[in-house]
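Q: Let's see this in three dimensions:
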Amino acid sequence: MIRIGFSKDVHPLVEGHPFILGGVKINHHKGSKGHSDGDCLLHAIAESILGAMALGDLGKFFPENDKYKGYDSKLILKEVFEYVYKRGYEISNLDCMIGLEKPLLRPYIKKMRETIAKILKCDKNQVSIKATTYEGTGAVGREEAIICEAIVLLESAAYMVD
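A: Just a heads-up that it's a prediction; the model follows:
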């Protein structure tokens, strides 16, 4: 059996806030603000996995309370993935799109793919990350926000081919 999930997440960008994306710290004067560490990409990925399993949204599992304030999003993704992995599903492939005007992400994408693949117990070639600018339009183009989208294909481990 296969399951497909999709998610989109948007976070404001704020001056002086740490910028963590795909589990990687990025040197930039603005960072993604969120209740946890603000990793918009890992949130979109985790929620796409929850969606594939028809489990609801991220807020259902990680509510905005003191327990998750500043929480490491790598742990969020790990907990979500472990939940579905224990139910016999593995990542077949993951495709992500990041909308961000600055900084350019090319130097960071390889490390993001490696970090995510390690958490999801898959090969980095099963993890695709692309980035685009919004050509100066909208909140993303004005460098006020970041948007991340993720689509995941989960496959029952019983059907996975070596």
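Q: In space, what's closest to the residue most central in space within the chain - neighbours in sequence excluded?
A: Centroid-nearest residue in the chain: L42, 2.2 Å away (criterion: Cα atoms, centre = their mean). Using Cβ to Cβ, 6 or more residues apart in numbering and skipping the chain neighbours, the partner closest in space to L42 is S73 (4.0 Å). (C-beta placed from N, C-alpha, C; glycine too.)
Q: What's the local residue count around that neighbour?
A: 27 (other Cβ atoms under 10 Å).
Q: so it makes contact with D39?
A: Yes - between S73 and D39 there is a contact at 3.5 Å, judged by Cβ atoms under 8 Å.
Q: which neighbours do the two share?
A: Common contacts of S73 and D39 (Cβ atoms under 8 Å, 6 or more residues apart in numbering): 20, 23.
Q: immediately after the worst-scoring helix or strand of the chain on mean pLDDT, which helix or strand?
A: Lowest by mean pLDDT, DSSP states H and E among the helices and strands of the chain is helix 58-61, with a mean of 81. Proceeding N to C from helix 58-61, the next assigned helix or strand is helix 73-85, under DSSP states H and E.
Q: relative to helix 73-85, how tilted is the lengthiest strand in the chain?
A: Of all segments of type strand in the chain, defined using DSSP state E, the longest is strand 2-15. Angle of strand 2-15 versus helix 73-85, following axes from the mean of the first three to the mean of the last three Cα atoms, to 10 degrees, is 170 degrees.
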